[in-house]
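Enquirer: A predicted structure for the sequence below; I have some questions about it.
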Amino acid sequence: MMSNRLGAALLGALLLAPPVFAAETNTPAPPPVVRHGYEEVQALVDDAVAFMKKVGPEKAFVAFNDPKGKWIKDDLYVFAFDPKGVYKATGFRPERTGSNAWEMTDAAGLKVVQEIIKKAKRNGSGMVDYLWKNPSTGKLENKTSYVVQVGDYVVGAGFYHR
């Protein structure tokens, strides 16, 4: 008798409850992660270099650090280092400006900033591959940065691989 009452109560609760549709139970899908490629990164860095030559390093660094400026698009941003590995600009984390990143390593132990400066100094420009946390996904991903020597500074930007 007790089980019949419990069964009837459950059936009544189900019949009186508002219908649930599949669309209501799913959380909205996150927006797709925008992926950039080599050509876009190279164009951004080349524009940043031209801008820096036009306005001078200090004004360029301020612009590169502006979170609402043209030098930051999704997970694509301009960065700049002095010869000792001190951040002069980093659009994604402008609060790092002035900090020394010389010993900064990627997830595989590569001294990324040293590689970036060495590549730019030796070749004038080039690509550096490393494993970095993507700010758009929060995950470690392969990243390639295009870097250019501009006077005493290295300017670059990188893209995460698809």
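Expert: Thanks, I have it.

Enquirer: List of residues touching stretch 69-84?
Expert: When contacts are defined by Cβ atoms under 8 Å, 6 or more residues apart in numbering, stretch 69-84 is touched by residues 33-34, 36, 40-41, 44-45, 48, 52, 57, 60-61, 63-64, 66, 87-92, 100-102, 113, 116-117, 121, 134-136, 152-160. Glycine gets a C-beta too; all of them are placed from N, C-alpha and C.

Enquirer: Look up how far residue 107 lies from residue 51.
Expert: Taking Cβ to Cβ, to the nearest Å as the criterion, residue 51 is separated from residue 107 by 32 Å.

Enquirer: So if I had to pick from these two, which one is more boxed in?
Expert: Neighbour tally, residue 51 and residue 107, criterion other Cβ atoms under 10 Å: the higher count belongs to residue 51, 18 against 11.

Enquirer: Can you give me every residue that contacts that one?
Expert: Residues touching residue 51, when contacts are defined by Cβ under 8 Å, 6+ apart, comprise 60, 63.

Enquirer: just the CA coordinates of stretch 117-125, formatted as CSV?
Expert: This file holds the C-alpha atoms of stretch 117-125, laid out as CSV (Å, rounded to 0.1, in the frame of the first residue of the first chain):
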residue,chain,number,x,y,z
ILE,A,117,66.1,37.6,-28.5
LYS,A,118,68.8,35.2,-29.9
LYS,A,119,66.8,34.5,-33.0
ALA,A,120,66.0,38.2,-33.7
LYS,A,121,69.6,39.3,-33.0
ARG,A,122,71.2,36.6,-35.1
ASN,A,123,68.9,36.8,-38.1
GLY,A,124,67.1,40.1,-37.9
SER,A,125,63.8,38.3,-37.8
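
Enquirer: Buried ones in that stretch, by neighbour count?
Expert: 117, 119-120, 125 (16 or more other Cβ atoms under 10 Å).

Enquirer: can you give me how far it is from the chain middle?
Expert: For stretch 117-125, the distance from its own C-alpha centre to the chain's C-alpha centre is 23 Å (Cα atoms, centre = their mean, to the nearest Å).

Enquirer: go on, stretch 110-130?
Expert: Taking the mean of its C-alpha atoms, stretch 110-130 sits 18 Å from the chain's own mean (Cα atoms, centre = their mean).
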